[in-house]
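Undergrad: No letters, just coordinates:
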């Protein structure tokens, strides 16, 4: 995806040279007269525009467009002055046409995909959204629903000139039931704001993401976001209790139940969870929230083999049981990148002062490990980050102690450190969370987000390493062991089409053979839509197409996303 | 529903008198000649048959048919000799036409609904099911998918002469991954067999039901069964990871993923969870299974008010946190029925020897309660059953101790006992589980399974009591507080249409006003299909109809169920 970004940068400059930097003229009164030529990024003619947009997504190097490239623009209507007048009437002061203000909504936060929308609408209510969609559907205007625009697969930005429908102003908390822990809120509530609101009430959100400061709960639900708490609290298919959704024709579908049990008919809300805004616009959400844990511990461990890492996982599921909330891993290549590029030191290397945060750690390091390890302990092939959260700090500490003792004495892990204080917890977590950042300093990175049966997740890294040989600078693996989710990254000094050809479709075919998923938690969006057949049989994809056609017959909602191009 | 049963008994006798007790003649060779008149329960002519069937479900007393009554038979084909020949060819030895063998599959286990199917098919493989449905769809033959036939709303039996497709022989466990805890199995596996299999591997099923000895996992998923572990492990929408489903036209939809995360397109399997066999026949399931807890405790407590019971719930969510696995309640009327009809004594009444099973109990009863209570303590208005399950018996005991101490000293609960041994756990659980049985001895019972915001669940009982005055013998409430699920029961000495008219639609209107669900965990099936509008808006029901029409255009799958009659 970074590849697309780099190609995009070159092309963006070219596009800028092509386009007249004018803005919408509010004085224009021509009925249904396309205002396309006035767009900030658009070339003068539609055909030129489409060629450029396709190149933008395909890459500028003249190679055959990749399956991630944008398809041709579909024959949606162009925005007219009359359309603008209508939107200004129903959304006074909330119709954005200034290209500078539109800029950040046209580009995803990876800066890898760029649309050319000329219109951003900021509804405040469900009724606003309903009126917008009813109008757009009747006028055949394409719409790109947008939350915090933190998506990684180009699902949250327009591809061409789709109208951006932002949920940013739909940010009210509607109700919170402190007995059941059920929260209802508008779709545009920022995840972190919800978390802060709940923490005051002794609850937490069942999901947590790196992007929590920006992402909207509606977007989280629309993309079925995974995140850090999935191992403990499960997916949004279980924790979302109700949704309010506006359908393509403006109908409001009220499934905003606040009930844990409701078996009256088909569970329609499930269709919209993970549909990436292609079936309807989520306007409100009800979520079942867990109680805030009183005790949180984080452990950082080293393992000699991936098999030992898996055995440790099994041991820890048994011994930490109900307090286990994360089991993440990184390999030694990741550690090298953290050391080299971010100057983060291995917290369990003998070269740094270990964090003597708990008697557990002292006990283990002094009594078990020191006897077996040299004063300057070597790096391990694998590292594990384990988080526990529970209701009793003493009990959690004891459970952790017992687990670590067992893991150490049975030689499953070779080294480790424990943190209970916030700052130290954050320091240990950063070893896992900052791998992505470290990778950006390594050169060009080909990134894959793969879900596999947990036993097989590292085999893909090993096989890829062997398959690529010295063609890759490095092949690194990290991710959520507890969820069977591998982040596989291949780096090279620069963009390398030959290397890409060696990685793909190898990686997808490997994943398909193991019945894995080529998108574990990020969705398909624009970038991965055409790879869907690696993880879903054609009957399933055809049925998805039927559902799309049933709910959005004109296809106005988030076109070019989620479903493959060859679907009719 | 018991009302329907009693009416049914009368009618069944009448029907038996009408019907010639002949069986299928295997010598018949007429192409597509309907064999209806040979049916064991059917009257000679179709019109007579339909009138009787409708009466069967409507009641024999000549009153206007209730919304629970069966609609007219739809114009499906009748089974011919050629059909039988086809099925015998593809399912040798597994085509049942003997009325005696069909009897138990034609009647639900409450004995409240009776169909008149003349054909039971017992496929062993997904391919068998696919061939059956492909054939039935082409021939316009209606099909009633049947698991363990333990449903409570008439969803699991035929209404007329639908072919019964039993999953009983599809009972193989396919795979179990002992690292991730993911089980895949055929749909006909009995829940208890899966539990026993898993317990040997130190895992449990994420759901548990009273009917576990009979119910099939496929049926559990098709009805989105709730059960006793929902509070802890969530609904099947979260714990079912994959499904294999045969669609109405015989297409096999393979969504049998064994992944915790998979965001490649719409999550189609969700559509089939809770669709009661009306959208497809589930043939295999993959489920995420929790580790087996090493420690289980059950507490039985008394509360003076429902408000205190709710405060106790809140306290216990905080203090028991991650080990809380059930929070159930019954009122004093339930206790009276248990005492009167089943001779079960109140475990915390002063009249019986308390179970001194734990130091916790001794501590609390001796030091806290005895000082405040008379030697012969009175019954409480409300009783609570709390279950904890965790990985460390000592920790769980301490958490329970601390919680009980706090609940007692703050006067939230007035009395209590604790069990840790299996037999005593069962004894305490029986106080909650046998209420249904006790009710059957009380006379005629009108039963409702309602989901409400947890604060309101007992208000419905109170309001109903006031509303009915002395027209009811008793109005009792019990259920799953933790899930906001009330079982409301109204008894009278005998069937009483005037009482029924006072209860309905009062109960449904009350529930609708509170945005509750008129079917919390049982589904709609035949009996409740026409009440759906009390819990779902018309747009949602219309969309359900569109989904049904898309997946099963001829409507052959479990007709007359789940969706209301007035849906086109």
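TA: Ah, there it is. Quick caveat: nothing in here was measured; it's all calculated off a predicted structure.

Undergrad: which residues touch the residue in chain A positioned nearest to chain B?
TA: Here the residue of chain A nearest chain B is residue A:238; by Cβ to the nearest Cβ that distance is 2.2 Å. Backbone N, C-alpha and C define where each C-beta goes, glycine included. Residues in contact with residue A:238 (Cβ atoms under 8 Å, 6 or more residues apart in numbering or on different chains) are B:234, B:235, B:237, B:238, B:239.

Undergrad: That one belongs to a helix?
TA: Yes. According to DSSP: H, G, I helix; E, B strand; the rest coil, residue A:238 belongs to a helix.

Undergrad: Can you tell me the SS state at the closest residue to residue A:167 other than its chain neighbours?
TA: Spatial nearest neighbour of residue A:167, excluding adjacent residues (Cβ to Cβ, 6 or more residues apart in numbering or on different chains): residue A:188 at 3.5 Å. The three-state label given to residue A:188 by three-state DSSP is coil.

Undergrad: For residue A:188, which residues are in contact?
TA: Contact analysis of residue A:188 by Cβ under 8 Å, 6+ apart lists A:147, A:166, A:167, A:168, A:169, A:170, A:171, A:216, A:217, A:218.

Undergrad: now swap in residue A:208 and tell me
TA: When contacts are counted by Cβ under 8 Å, 6+ apart, residue A:208 is found next to A:191, A:195, A:227, A:228, A:229.

Undergrad: restrict these to those near chain B?
TA: Among those, no residue lies close to chain B (Cβ under 8 Å from any Cβ of the partner chain).

Undergrad: could you redo the residues you listed as CSV and give each row pLDDT, secondary structure and neighbour count?
TA: As requested, the contacts of residue A:208 are exported to CSV (pLDDT from 0 to 100; DSSP: H, G, I helix; E, B strand; the rest coil; neighbours: other Cβ atoms under 10 Å in any protein chain shown):
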residue, pLDDT, secondary structure, neighbour count
A:191, 98, helix, 25
A:195, 97, helix, 18
A:227, 82, coil, 23
A:228, 81, coil, 20
A:229, 87, coil, 20
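
Undergrad: I'd like the residues you listed as CSV, with distance to residue B:211 appended.
TA: Listed next are the contacts of residue A:208 as CSV, based on distance: Cβ to Cβ, whole Å:
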residue, distance to residue B:211
A:191, 40
A:195, 40
A:227, 36
A:228, 37
A:229, 33
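
Undergrad: From these, pick the one nearest residue A:283.
TA: Comparing the contacts of residue A:208 against residue A:283 with Cβ to Cβ places residue A:191 closest, at 16.6 Å.

Undergrad: Quick check: closest non-adjacent residue to the closest one.
TA: Of all residues not flanking residue A:191 in the chain, residue A:212 sits nearest, at 4.2 Å (Cβ to Cβ, 6+ apart).

Undergrad: And the pLDDT at that neighbour?
TA: pLDDT for residue A:212: 91.

Undergrad: Could you confirm it falls within a helix?
TA: No. Counting by three-state DSSP, residue A:212 falls outside a helix, being coil.

Undergrad: phi, psi of it?
TA: Phi and psi for residue A:212, reported as degrees, to the nearest 10, are phi -60, psi -20.

Undergrad: dump the residue contacts of it.
TA: Contacts of residue A:212 (Cβ under 8 Å, 6+ apart): A:190, A:191, A:192, A:195.

Undergrad: now it: how far from residue A:187?
TA: 15 Å (Cβ to Cβ, to the nearest Å).

Undergrad: again, but for residue A:105
TA: Counting by Cβ to Cβ - residue A:105 and residue A:187 are separated by 16 Å.
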